[in-house]
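J.: Dropping a prediction and its sequence here:
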Amino acid sequence: MKILYLITKSNWGGAQRNVFDLGKAMKEKSHEVAVALGGDGVLRKRLEDAGIYTHPIQSIGRDISIGEDAGSLKEIFSVIRHRKPDVLHVHSAKAAGLGALAGRMLGVKNIVYTVHGWAFNESRPFHQRIAIIFFSWLTILLSHKVIVLSKYEYDQALRFPYAKNKVFLIPLGIQAPTFISVDGAKQSISKILGMSLADFNKKTVIAIVAELHPNKGLSYLIEALSNVIPQYPNALCVIIGDGQERSNLTDQIKERNLEDHVRIIGYLENAAEYLKAFSVLVLPSIKEGLPYVLFEAGYASLPVLSTTVGGIPEIIEDMKSGILVQPKNSRELAHALSFMIEQPIERRKYGAALRERVLREFSFEKMVSETENLYHIQNE
């Protein structure tokens, strides 16, 4: 088959990783794969290193802009005409809407839309949420098949009229990451932080691996840490990632005098490799789909503290394979962090249970196989 993937941004987040993993897997199955994407980021480089054709769409962006969106639609038309795909697989809200529209107008026989977290779950003004709900429904109608990654999103999708027969639940899966040894990972992270390994080893190190975006809820974590650090001065929080919130978060860290205890180290290539350096992973998101970093933490047997949003409770069982707290609740976060710091034996139990759950229930091979089966199903 000729498969064309389309995604809004070319940075390296969950949706981008899903496109990369699927594109690479389908290429290995001898399908002809191409990816159209916004910008010239990490995703494009990795795809090209894997021998996958890419077509950058420079005008596409996450926010609505009539002028830029019209230009993006024109570029999408052009690449679909050029590639003539049997399957157009669209990812992320903006690219999905424009791509599904262009695909329908050009007669593509199989348009598949993967939802990476419904945008209407974000904290937005009421009128914006209504508009997003409408355009989400319109994208479903324009698509032939819709893939959701968690049961939470699946149940939400079924509320849309005329969606029932289009929606398929295909949970994410990842191939086992390659990890640096515990000592090697600690040496690398301590060097980045400018600390001695001896000092690093004295710390209970809390890690966050995320794009620095408002949806990740990092400001609530910093507020929680301002209450935790005075009680546990050996706690250290390392934030791995970059994004639009970096300046705001840096200011918040300074205002709360946490510079010695909360460090933003920016984007780190292959960040998952270093997970064994840490004591606990925290994901304080206020909106999520099914985050990859939780699977990576599972493979690393790293205990997780996260929020009860999106599909996260489908991976983390509270007080069994991690701890779950309510989103936007700094007090709950602080209490759970204190527990994690105080209870190293319980942490290890959570990490082991998470690893077992990820290996048992989230198979990469199953994800690829079920997606490929959707590509083969003919539409009526």
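T.: Arrived safely.
J.: for the stretch 251-380 of the chain, what spans make up the helices?
T.: Assigned by DSSP state H, counting those that start in this stretch, the helices in the stretch 251-380 of the chain fall at 292-299, 330-342, 344-361, 364-376.
J.: Can you lay out these as a markdown table showing distance to Ile3, mean neighbour count and mean pLDDT?
T.: In short, each C-beta sits where N, CA and C put it, glycine included. As requested, these are arranged in a markdown table below (distance: least, CB to CB, whole Å; neighbours: other CB atoms under 10 Å; pLDDT from 0 to 100):
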| stretch | distance to Ile3 | mean neighbour count | mean pLDDT |
| --- | --- | --- | --- |
| helix 292-299 | 21 | 24 | 95 |
| helix 330-342 | 41 | 20 | 97 |
| helix 344-361 | 27 | 17 | 96 |
| helix 364-376 | 7 | 16 | 96 |
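J.: So for Ser247, which of those sits nearest?
T.: Each of the helices of the stretch 251-380 of the chain has some distance to Ser247 by CB to CB; the shortest is helix 330-342, at 20.6 Å.
J.: between that closest one and helix 344-361, how many degrees?
T.: 100 degrees (axes from the mean of the first three to the mean of the last three CA atoms, to 10 degrees).
J.: what about Asp251, how many neighbours?
T.: Close neighbours of Asp251, defined as other CB atoms under 10 Å, add up to 10.
J.: repeat for Gln175
T.: Neighbours of Gln175 under the rule other CB under 10 Å: 14.
J.: Next: Leu98.
T.: Neighbourhood size, Leu98 [other CB under 10 Å]: 25.
J.: do the same with Met26
T.: Met26 sits with 22 neighbouring residues when counted by other CB under 10 Å.
J.: quick one: buried residues of the helix or strand Lys94 falls within?
T.: Using DSSP states H and E, the secondary-structure element containing Lys94 is helix 93-105. Across helix 93-105, burial judged by 16 or more other CB atoms under 10 Å covers Ala93, Lys94, Ala95, Ala96, Gly97, Leu98, Gly99, Ala100, Leu101, Ala102, Gly103.
J.: Quick check: the nearest residue to Leu22 once chain neighbours are set aside vs Tyr5, distance?
T.: In space, not counting the residues next to it along the chain, Leu22 is nearest to Thr371; the distance is 6.2 Å by CB to CB, 6 or more residues apart in numbering. In this structure, Thr371 and Tyr5 are separated by 11 Å, where distance is defined by CB to CB, to the nearest Å.
J.: overlap in contacts of the two?
T.: Taking CB atoms under 8 Å, 6 or more residues apart in numbering as the contact rule, Thr371 and Tyr5 both touch Leu22.
J.: Could you give the backbone dihedrals for Thr114?
T.: The main-chain torsion angles of Thr114 are listed as degrees, to the nearest 10 and equal phi -100, psi 130.
J.: Contacts only, for Phe339.
T.: Contacts for Phe339 (CB under 8 Å, 6+ apart) come out as Ile323, Glu346.
J.: Quick check: it vs Leu305, distance?
T.: With distances defined as CB to CB, the gap from Phe339 to Leu305 amounts to 9 Å.
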